[in-house]
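>>> sequence and predicted structure below; questions after.
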Amino acid sequence: MRIHLISIGGSAMHNIAIALKISGHEVSGSDDEIYEPSRSRLDKHGLLPTEMGWNKNRITKDLDFIVLGMHARKDNPELAEAKRLNIPIYSYPEFIFNHSKNKKRVVIAGSHGKTTTTSMIMHVLRYNKMDYDYLVGAQLSDFENMVQLSDAPLMIIEGDEYLSSPIDRRPKFLHYKPHLAIITGIAWDHINVFPTFENYVQQFELFVKTMDKDGKTFYYEKDEHLQKVMQSATAEIKSYDCFDYEIVDGNYFLKYKDYTVQLSVFGNHNLQNLKAAFYICTELGITNKQFFEAIPNFQGAAKRLETLYTSDTNLAFLDFAHAPSKAKATVSAVKERYPDKKLIACLELHTFSSLNKEFLIEYQGVLDKADQSLVYYNEHSLKMKRLPDISKDDVKNAFGTDGILVVTDNETLISFLENQTWDNSVLLMMSSGTFGGLDLKVVIPEIIANKNS
């Protein structure tokens, strides 16, 4: 088939494009801006557009269908031409459902932890040589691509609650109609499209009503918002809590019945995610022995407490945490594992929600467990997102953490890091962005190593 992707550079979109080409389809795409790593990965597969920007001449009658990404706008000229030529247009979640409509579908949803939980399930299934398709929101160490499309009878899908496309304002996860589902928790996000918390919660109420009538939804039992949401469920529901664990010399050991398993991941939130993954894998026929043999080798997804630097006295981690609930859980996990080390936590405000003055209060106390904390935001991001200005005082007052430093430029951020005393310290860098384009995998090791030399 001939398939064109409008806004091919998106995180999921470029992986779908690659998966389609690997499956033997003729694939083209367009975008106005494509950043790394999408750019290099598209180029590697011969899918990088020769010119950036939109051109209606790319849309011809011999296209079988269009996949439309969220980054495009309603008035996109290629979209308009596709409509004029009556070419079928799908958002990417619509396309994923169409691909998987004859498969067993597992969907992992929630405001936080869904990427990690999805990747845990994928890791266990691959370790045990089960055949499945998947869509996940981050790069995994053992997986070449974030999307696989084949004739496998099962599909594992990370279910995002954000909107599907500029012409389909439904949350993505409403398309998938799962047979098995997880909801990890609810904490307000995406204020630009869900202006009230009640409106945001309503999307999850709609989600549980899309379940297959013979399906089953697992949910985190200590989330009071989820307890209310599950009252709307039309299929079977089952709650889960957290695996028991102990910490010995900074190492996490999961304990379940006769099993004691050392983990590579850490933190209470990851033990919750792991319990949800365990239940889904059990539903898919994985035995306890198979699960607990597989999970010690799970290293986590990219930018999920990913190690940037390690030595006898210092550590540094990179984490995708940006929403308040995610950042709070990550800070707590690092402090729990390294209670005797000084924790320096740096958080970038990068999303529409986090840069919205009305939403900032949701960050109250998020960094309180850090010994030293910094919040970074880039005024250019505000302009690109067409948001009103926020001040450093707005941010300080919202977080409410004593001694918090708020910075808006890379030079001050670098200076802050260079002036730290790194003996017996752990650094946590949290963002869904790049701290203004910094290559943290290069910059952070250099700063700490130079300070220690």
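Arrived safely. Note that the structure is a prediction, hence the values are computed from the model and not measured.

>>> any buried residues in the top helix by length along the chain, and which?
Assignment by DSSP state H gives helix 268-283 as the longest helix of the chain. For helix 268-283, the neighbour count (16 or more other C-beta atoms under 10 Å) marks 269-281, 283 as buried. To be clear about C-beta, it is placed using only N, CA and C from the backbone, and glycine gets the same treatment.

>>> any chance of those residues in a markdown table, with pLDDT too?
Output for these, formatted as a markdown table (pLDDT from 0 to 100):
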| residue | pLDDT |
| --- | --- |
| H269 | 93 |
| N270 | 94 |
| L271 | 96 |
| Q272 | 96 |
| N273 | 96 |
| L274 | 97 |
| K275 | 98 |
| A276 | 98 |
| A277 | 98 |
| F278 | 98 |
| Y279 | 98 |
| I280 | 98 |
| C281 | 98 |
| E283 | 98 |
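
>>> so which bits of the helix or strand of the chain with the lowest mean pLDDT are buried?
Sorting the helices and strands of the chain by mean pLDDT, DSSP states H and E puts helix 379-384 at the bottom, at a mean of 85. Within helix 379-384, the residues scored as buried using 16+ other C-beta under 10 Å are 381-382.

>>> can you give me the strands in the stretch 351-453 of the chain?
Using DSSP state E, counting those that start in this stretch, the strands of the stretch 351-453 of the chain run over 372-377, 405-407, 425-430.

>>> looking at these, which is nearest to M122?
strand 425-430 (23.9 Å; C-beta to C-beta).

>>> and that closest one with strand 372-377, angle?
Note on geometry: by axes from the mean of the first three to the mean of the last three C-alpha atoms, to 10 degrees, strand 425-430 and strand 372-377 are set 20 degrees apart in direction.

>>> now for strand 425-430, which elements pack on it?
strand 306-310, strand 314-319, helix 324-337, strand 342-349, helix 440-452 (3 or more C-beta pairs under 8 Å, 6 or more residues apart in numbering; DSSP states H and E).

>>> just put the ones you listed in CSV and tack on mean pLDDT, mean neighbour count and distance to H225.
Output for the helices and strands packed on strand 425-430, formatted as CSV (pLDDT from 0 to 100; neighbours: other C-beta atoms under 10 Å; distance: least, C-beta to C-beta, whole Å):
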stretch, mean pLDDT, mean neighbour count, distance to H225
strand 306-310, 93, 17, 29
strand 314-319, 94, 22, 23
helix 324-337, 94, 22, 11
strand 342-349, 97, 24, 23
helix 440-452, 90, 16, 33
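
>>> looking at those, which is nearest to V106?
Judging those by C-beta to C-beta, what sits closest to V106 is helix 324-337, at 22.2 Å.

>>> still on that earlier bit, quick check: next helix or strand after the longest helix of the chain?
helix 288-294 (DSSP states H and E).

>>> circling back: which residues touch the least confident helix or strand of the chain?
For helix 379-384, contacts defined as C-beta atoms under 8 Å, 6 or more residues apart in numbering pick out 350, 355, 388-390, 408, 433, 436.

>>> how about those residues in a markdown table, adding distance to L5 and pLDDT?
Supplementary listing: these in a markdown table, determined by distance: C-beta to C-beta, whole Å; pLDDT from 0 to 100:
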| residue | distance to L5 | pLDDT |
| --- | --- | --- |
| H350 | 25 | 92 |
| L355 | 28 | 94 |
| P388 | 33 | 92 |
| D389 | 35 | 92 |
| I390 | 35 | 95 |
| T408 | 35 | 96 |
| G433 | 24 | 87 |
| G436 | 29 | 88 |
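
>>> what two of these are the furthest from one another?
P388 and G436 (20.0 Å).

>>> wait, doesn't Y132 sit right on I156?
Yes. At 5.8 Å, Y132 counts as touching I156 under the criterion of C-beta atoms under 8 Å.

>>> please, which helix or strand holds K228?
With DSSP H and E as criterion, K228 is part of helix 224-229.

>>> top of the contacts of helix 379-384 by neighbour count?
When neighbours are counted by other C-beta atoms under 10 Å, L355 leads the contacts of helix 379-384 with 24 neighbours.

>>> got the contact list for it?
349, 377, 381-382, 385, 387, 390.

>>> name the nearest of those relative to E161.
K385 (19.1 Å).

>>> can you report how many residues neighbour the residue lying closest to that closest one once chain neighbours are set aside?
Once flanking residues are discounted, K385 sits nearest to F352: 5.7 Å by C-beta to C-beta, 6 or more residues apart in numbering. Neighbourhood size, F352 [other C-beta under 10 Å]: 16.

>>> per-residue pLDDT, F352?
Per-residue pLDDT puts F352 at 89.

>>> repeat that for K303.
For K303, pLDDT reads 84.

>>> swap in S453?
64.

>>> any idea which helix or strand carries the closest residue to M230 other than its chain neighbours?
Leaving out its chain neighbours, the residue that sits closest to M230 by C-beta to C-beta, 6+ apart is I237, at 5.1 Å. For I237, the host element (DSSP H and E) is strand 236-240.

>>> and the angle from that strand to helix 268-283?
Using the same axes, to 10 degrees: strand 236-240 against helix 268-283 is 140 degrees.

>>> so which bits of strand 236-240 are buried?
Buried residues in strand 236-240, defined by neighbour count with 16+ other C-beta under 10 Å: 237, 240.

>>> by contact count, what packs against it?
Partner elements for strand 236-240 (3+ C-beta pairs under 8 Å, 6+ apart): strand 216-220, helix 268-283.

>>> now what about the first one, what contacts it?
The one in question is strand 216-220. Outside strand 216-220, the residues that reach it (C-beta under 8 Å, 6+ apart) are 110, 179-185, 208, 211, 226, 229-230, 233, 235-241, 272, 276, 279-280, 283.

>>> what's the spacing between the closest residue to A152 other than its chain neighbours and E336?
Residue nearest to A152 in three dimensions, not counting chain neighbours: D131, with 4.5 Å by C-beta to C-beta, 6+ apart. Shown here: D131 relative to E336, a distance of 37 Å by C-beta to C-beta, to the nearest Å.

>>> N15 too?
From N15 over to E336 (counting by C-beta to C-beta), the distance is 33 Å.

>>> same check on M384?
Counting by C-beta to C-beta, the gap from M384 to E336 is 36 Å.

>>> next one: H25
47 Å.

>>> quick check: domain ranges of this protein?
As given by automatic domain parsing, the domain ranges for the chain are 2-87, 95-297, 306-452.

>>> any idea of the mean pLDDT for the shortest one?
The reference is to domain 2-87. Domain 2-87 shows a mean pLDDT of 97.
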